[in-house]
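Engineer: here is a sequence with its predicted model. Questions after.
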Amino acid sequence: MVVKSLASNKNNSGTMNNSYSELTESIKNGRVAPFYIFHGGERYLLERSLGELRRYICPDGLDGFNYRRYEGSDVSPGSLSDAINTLPVLSERTLIELNDFDLFADPDKQQFAAALSDLPEYVCVVINYDTIIFKPDRRQNLDKEILSGAQVIEFAVQDQKMLVSWIARHFSAQGKTISKGDAEYLILITGGLMASLQGEIAKVSAYVRGDRVAREDIDAVVTPVLDAVAYRLTDAVIKREHAVAMRILDELLRMREAPQMIIYSISLKMRQLLAARVCLESKLNTNSLMEICGIKHEFQARLLMSTARRTTLAQCREIVYICSETAYALNSEPEPEARLTELLARLASAV
């Protein structure tokens, strides 16, 4: 059975929420495909989709005969074939989940492909890429054959407009309101993943006494991700707010992040700053910067462009060079925290 892949159903921002919407609609209308491949960074939507499939196929729960779940290392071509060929009991379908199973890299890929090539209508197989990367080789005929028989759905990080609306709805369900700017700020400091946002919205809602969420409420209870703190440090360095930059570095160290991860994040932001400066020099807009750097949200690009206006191209190049030197030195540094402090001093002299 050949089922049209949904992998090309992208919206203008390049996300895959159309695929998610189509999947939800298909389940609601009882049009469940025999073979799905789920992957992508937005685990909230992926887990919701798995939950919807489970409730539809196994309404009486997952402890019966019609649900089988295998971890990647536990499944073999034989066990998968046995599960596929086992008829459902007092139900129309059987749900088979393969979690973190790298089908395209498995040495028995040929046998797995044969088992998945002509699935009966009473089976729904879902391969869920969680901690491993979905990376088929589309040049190989076997990989193309496998993909042609599956509905491939990427649960990508959602675009800014969608997330702002989603945040507003979730705060509204708690009897709270939030401005667009503060919703964007919440996206920035949480990393923009819906699973993280859901928990932070609950924390902020419980903390706020009135019905309006303010930025100080967010700062009071939300722990920012490393990426967001690196944005703040970059901005402080360029503004020559050296004491603020040192406090932010101390905050990063207190987050118990490895110095190598800290320098990676700072270096990434400085490279993005250089790209923003190049965009300004070339009279390119924020959309160009987002494409060049793979930035998901427009307001992040706006922040970088705003910071870049305070610099020169030569300064940005020097900053990136300094970060690269520090990153290299950290590999053999017995006191990496001291090297990070030295980094800030060198960055301060460069701007």
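Structural biologist: Done, it's in.
Engineer: output the lowest mean pLDDT helix or strand found in the protein.
Structural biologist: Every helix and strand in the chain was compared by mean pLDDT, DSSP states H and E; the lowest is helix 17-28, with a mean of 79.
Engineer: and that one, what does it pack onto?
Structural biologist: Under the contact criterion of 3 or more C-beta pairs under 8 Å, 6 or more residues apart in numbering; DSSP states H and E, helix 17-28 touches helix 43-57, strand 151-154. C-betas here are computed from N, CA, C, even on glycine.
Engineer: tell me the helix or strand right after the longest helix anywhere in the chain.
Structural biologist: Scanning the chain for the helix with the most residues, using DSSP state H, yields helix 259-281. Following helix 259-281 in sequence order, the next helix or strand is helix 286-293 (DSSP states H and E).
Engineer: which strands or helices does that next one pack on?
Structural biologist: The elements that helix 286-293 packs onto, with contact taken as 3+ C-beta pairs under 8 Å, 6+ apart, are helix 259-281, helix 298-308.
Engineer: can you pull the buried residues of the shortest one?
Structural biologist: Which is helix 298-308. Judged by neighbour count (16 or more other C-beta atoms under 10 Å), helix 298-308 contains these buried residues: 298-301, 303-305, 307-308.
Engineer: now tabulate the residues you listed in JSON lines and tack on distance to Leu280 and pLDDT.
Structural biologist: Formatted as JSON lines, the entries for the buried residues of helix 298-308 read as follows, by distance: C-beta to C-beta, whole Å; pLDDT from 0 to 100:
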{"residue": "Glu298", "distance to Leu280": "16", "pLDDT": "87"}
{"residue": "Phe299", "distance to Leu280": "17", "pLDDT": "87"}
{"residue": "Gln300", "distance to Leu280": "16", "pLDDT": "89"}
{"residue": "Ala301", "distance to Leu280": "12", "pLDDT": "92"}
{"residue": "Leu303", "distance to Leu280": "14", "pLDDT": "90"}
{"residue": "Leu304", "distance to Leu280": "10", "pLDDT": "93"}
{"residue": "Met305", "distance to Leu280": "7", "pLDDT": "95"}
{"residue": "Thr307", "distance to Leu280": "11", "pLDDT": "93"}
{"residue": "Ala308", "distance to Leu280": "6", "pLDDT": "94"}
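Engineer: closest one of these to Ser179?
Structural biologist: Within the set of the buried residues of helix 298-308, Phe299 lies nearest Ser179; the separation is 12.6 Å, counting by C-beta to C-beta.
Engineer: which residues does the closest one contact?
Structural biologist: When the contact criterion is C-beta atoms under 8 Å, 6 or more residues apart in numbering, the partners of Phe299 are 160, 184, 187-188.
Engineer: any chance of those residues in JSON lines, plus neighbour count?
Structural biologist: Output for these, formatted as JSON lines (neighbours: other C-beta atoms under 10 Å):
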{"residue": "Gln160", "neighbour count": "19"}
{"residue": "Glu184", "neighbour count": "21"}
{"residue": "Ile187", "neighbour count": "25"}
{"residue": "Leu188", "neighbour count": "19"}
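Engineer: show me the residues you listed that map onto helices.
Structural biologist: 160, 184, 187-188.
Engineer: follow-up on the earlier one: so which of the helices and strands packed on helix 286-293 gets nearest Ala202?
Structural biologist: Short answer: helix 298-308, nearest of the helices and strands packed on helix 286-293 by C-beta to C-beta, at 23.1 Å.
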